[in-house]
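Visitor: With the input below, show me the fold.
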Amino acid sequence: MKHWAIGLVIGGLVLILTAQVPVKIGTGGSIGSGADKEVAYYNGAGRLLAGAKGLLYTGTASGGSLELFDLATLAAESLTNGALTAGTSWTQTGDMALAADAATYTHSTAVGTLQQASGTLAIAGVASRHYRFAYTVSAVTAGVSCNITTAFALVATNLTLTAGVQNTDFVSAASPGNFVVSCTSTAGAVTLDALSLKEARGGDATVVGSVKASSFMPSGGTKFTASGCTNSATVGGATAGKFTSGTTGACTVTITMNGAVGLTAPNGWHCTASDETTPANLISQSASTTTTATITGTTVTSDVISFSCFGY
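Guide: Here you go, the predicted model:
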């Protein structure tokens, strides 16, 4: 279920969330346990925690932020060689070994890491986004604990080291870099294989009524990419931002929404654009696909062009 109807009364922290069944969360503590926490539950200490369907409130009874995400809808693979074939694209330290197309930690010095450098990732980490790390655990003996470090995660996040296929969900750091799994031990061993790291991409909100805010900022996701006009200095989010033209004369730039990750609109994109440096130069949209938009006009080298796009 990806669509929600949401009512918020922040002052008393009463949230009414409508999915397949209505759920009311107040300040009385957690509602449900285990599989019962499918929609969301409040922990009594200022956080409405994510249920299986993925909804997170962060803050206090007087205010905070609400995030919607659906871990059933994931982006493309972020890791390179998650199968660990021949250990290519990975490095290890300490008690961690790469052999037989797997990463095996065996207690000796009591510490070890498995790492993929940020420049080697198939898709670079995106700041402050929800991720799912999937992996297979085998050959477990007691005494080992492992976590995803703050090199990539917002907080160090423990892995479940029970034999079988496991999923660990976490939020990325403000500036995610290398993806590092760090293990410590008092004894024992564990093998990790079939690694996968993907950003959560789902989480639509359906609001019955008006949405009111002081501003709307399309700043999330992966920064757009732009081709044409020898452009440079791109700044912004997935569907809005600015770039510097490297062309004097006719200039045509194609913008790919959400960069290499991609973002597909049902039909296309409507964009507005302007030349901040030479306002008299008219910049207009000339084409659109479900993933890109093209803007064209006359620029002078070093002109700064800003734009904003909305899918339809």
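Visitor: Correct me if wrong: Ala153 contacts Ser172.
Guide: Yes. Under the criterion of C-beta atoms under 8 Å, Ala153 makes contact with Ser172 at 6.3 Å. (C-beta placed from N, C-alpha, C; glycine too.)
Visitor: so what sits against both of these two?
Guide: Tyr131 (C-beta atoms under 8 Å, 6 or more residues apart in numbering).
Visitor: How about the contacts made by Trp281?
Guide: Actually, residue 281 is Asn. It isn't Trp. Shown in contact with Asn281 (C-beta under 8 Å, 6+ apart): Asp275, Gly297, Thr298, Thr299, Val300, Asp303.
Visitor: If I follow the layout properly, the fourth one ends up in contact with Val253?
Guide: No. At 9.3 Å, Thr299 does not count as touching Val253 under the criterion of C-beta under 8 Å.
Visitor: Residues that sit against both of these two, list them.
Guide: With C-beta under 8 Å, 6+ apart as the test, Thr299 and Val253 both reach Cys229, Ser245, Ile305.
Visitor: Secondary structure element for Leu192, which one?
Guide: If you go by DSSP states H and E, Leu192 is part of strand 189-202.
Visitor: Sorry, slip of the keys, the one I care about is Asp169.
Guide: Using DSSP H and E, Asp169 sits within strand 164-171.
Visitor: can you put the contacts of Asn281 in CSV and add secondary structure, pLDDT and distance to Ser185?
Guide: What follows is those, written out as CSV (DSSP: H, G, I helix; E, B strand; the rest coil; pLDDT from 0 to 100; distance: C-beta to C-beta, whole Å):
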residue, secondary structure, pLDDT, distance to Ser185
Asp275, strand, 96, 60
Gly297, strand, 96, 61
Thr298, strand, 96, 65
Thr299, strand, 96, 60
Val300, coil, 96, 62
Asp303, coil, 97, 58
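Visitor: so which of those is the most crowded?
Guide: When neighbours are taken as other C-beta atoms under 10 Å, the top entry among the contacts of Asn281 is Thr299 (25 neighbours).
Visitor: Let me see the contact set for the residue nearest to Thr157 when sequence neighbours are not counted.
Guide: Leaving aside its sequence neighbours, Thr157 sits nearest to Phe170 (C-beta to C-beta, 6 or more residues apart in numbering; 4.1 Å). Applying C-beta under 8 Å, 6+ apart to Phe170 gives the contacts His130, Tyr131, Phe133, Ile148, Ala153, Leu154, Val155, Thr157.
Visitor: sorry, back to before: quick check: angle from the strand holding Leu192 to strand 164-171?
Guide: 50 degrees (axes from the mean of the first three to the mean of the last three C-alpha atoms, to 10 degrees).
Visitor: strand partners of strand 189-202, parallel vs antiparallel please.
Guide: In the sheet, strand 189-202 lines up against strand 70-74 (antiparallel), strand 102-106 (antiparallel), strand 130-141 (antiparallel) (DSSP bridges).
Visitor: For the helix or strand just after that strand, what is the distance to the chain centroid?
Guide: Following strand 189-202 in sequence order, the next helix or strand is strand 225-227 (DSSP H and E). Distance, stretch centre to chain centre, for strand 225-227: 21 Å (C-alpha atoms, centre = their mean, to the nearest Å).
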